[in-house]
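Novice: give me a model of this one.
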Amino acid sequence: MSVNAQTVPTIDRKGSISSLLRRPPYWLIFIIILGLIFIWKIISDEDYTVIFQAVVKGVGITIKVSVIAYALSMALGLLIALMRVSHRRVLQEISTFYVEVIRGLPMLVLLYFIVFAGAPAMAQAVNAVGEFLLGLGILTGLGQALAGVQVRDFDFTTRVIIALTIGYSAFLSEVFRAGIESIERGQMEAARSLGMSNWQAMRYVILPQAVRRVLPPLGNNFIAMLKDSSLVSVMGVADITFQGKVYAASTFKFFETYNVVGFLYLIMTIGLALAVRAVERHMSTSE
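Specialist: Next up, the predicted model:
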């Protein structure tokens, strides 16, 4: 039995490779050729070399903002999804309210709101917690630190990460909810019949299968997050788009600059898209 389980995926992978060779992806070959031509242009043309060196400084910030915001939005989205599938009416209503309101707001509006209105509110909330601790006379060191937090302590990078986290958590919660609800009801009933609590059944039986089913859409949402991270440039966060905007405004070389900006984004998004397809192919052959 174990021999067959290991052999079948191997045969499928060989089949997929031979299928790939029989029908090569011409679109990918064309993109690779264009990419190589553009790399040669960057190396051989002094203007493009200077622009690339200026814009590439923003790659680290783009990746940092995207990865941190997406990790946090996955955690928050999963929590909201669990609230939506809960049997408790109040949790369902609160989570549905959150999802419907956040999904209805454009991401740029949400960014402006969190950066300029949410940050002062967060500072006041942190101050209130600090004053509460001081009033109780416990953890006075922490209380003094929290009571002294000011709005400027939340830098713009932190604010845009919070905004992207809130915005994408609403979408990811729906992805997780769809995955949870796709698991047959009988599996929950079987787990409960074995003596598991609702949480244990969800933790050990339902969630592992649900997360496995929603991995491809999660990957696609990360690509969308990477593209939407360019919105943070309007807040002065020095990502790829911001670096390109500053350079183009100072040299008036808009065409060349945004060619390089687009090239950097395409390298990341197409690379991620290929990784997502590889995961989908692996999952289909291993099932």
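Novice: can you tell me which residue is nearest the centre of the protein?
Specialist: Centrality entry for the chain: nearest residue to the mean C-alpha point is Tyr70, 2.8 Å, by C-alpha atoms, centre = their mean.
Novice: and the gap between it and Leu172?
Specialist: 8 Å (C-beta to C-beta, to the nearest Å). From N, CA and C alone the C-beta is placed, and that goes for glycine too.
Novice: joint contacts of those two?
Specialist: Residues within reach of Tyr70 and of Leu172 at once, by C-beta atoms under 8 Å, 6 or more residues apart in numbering, are Asn221.
Novice: so after the lowest-mean-pLDDT helix or strand in the chain, what's the next helix or strand?
Specialist: The least trusted helix or strand in the chain, going by mean pLDDT, DSSP states H and E, turns out to be helix 2-22, with a mean of 51. Using DSSP states H and E, the next helix or strand after helix 2-22 towards the C-terminus is helix 26-44.
Novice: what's the offset of that next one from the middle of its chain?
Specialist: 28 Å (C-alpha atoms, centre = their mean, to the nearest Å).
Novice: model confidence over that helix, on average?
Specialist: Taken as a whole, helix 26-44 carries a mean pLDDT of 90.
Novice: who's in contact with it?
Specialist: When contacts are defined by C-beta under 8 Å, 6+ apart, helix 26-44 is touched by residues 48-49, 52, 259-260, 263, 266-267, 270, 274.
Novice: cool, stretch 128-138 as well?
Specialist: The contact list for stretch 128-138 (C-beta under 8 Å, 6+ apart) reads 139-140, 142-149.
Novice: also stretch 142-153?
Specialist: Taking C-beta under 8 Å, 6+ apart as the rule, stretch 142-153 contacts 119-120, 123, 126-127, 129-134.
Novice: same list (those) but as TSV, adding neighbour count.
Specialist: Output for these, formatted as TSV (neighbours: other C-beta atoms under 10 Å):
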residue	neighbour count
Ala119	21
Pro120	12
Ala123	16
Val126	18
Asn127	15
Val129	15
Gly130	20
Glu131	14
Phe132	13
Leu133	19
Leu134	16
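Novice: which of these sits closest to Met225?
Specialist: Ala119 (21.0 Å; C-beta to C-beta).
Novice: okay, and the closest one sits in which element?
Specialist: Using DSSP H and E, Ala119 maps to helix 119-136.
Novice: CA atoms of the helix or strand following that helix as CSV?
Specialist: Following the chain from helix 119-136 toward its C-terminal end, the next helix or strand by DSSP H and E is helix 140-147. Provided in CSV are the C-alpha atoms of helix 140-147 (Å, rounded to 0.1, in the frame of the first residue of the first chain):
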residue,chain,number,x,y,z
THR,A,140,3.8,50.2,36.6
GLY,A,141,6.8,50.2,34.2
LEU,A,142,4.8,48.9,31.3
GLY,A,143,1.9,51.3,32.3
GLN,A,144,4.2,54.3,32.2
ALA,A,145,5.6,53.3,28.8
LEU,A,146,2.1,52.8,27.4
ALA,A,147,0.8,56.0,28.9
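Novice: residue most distant from the centroid, this structure?
Specialist: Taking C-alpha atoms, centre = their mean, the residue of the chain most remote from its mean C-alpha position is Gly137, at 40.1 Å.
Novice: against Gly143, how distant is that one?
Specialist: Counting by C-beta to C-beta, the gap from Gly137 to Gly143 is 9 Å.
Novice: now do the residue lying closest to His87 once chain neighbours are set aside: how many residues are near it, please.
Specialist: Nearest residue to His87 in three dimensions, chain neighbours excluded: Asn198, at 8.0 Å (C-beta to C-beta, 6 or more residues apart in numbering). Neighbour count for Asn198, taken as other C-beta atoms under 10 Å: 13.
Novice: alright, I will stop here.
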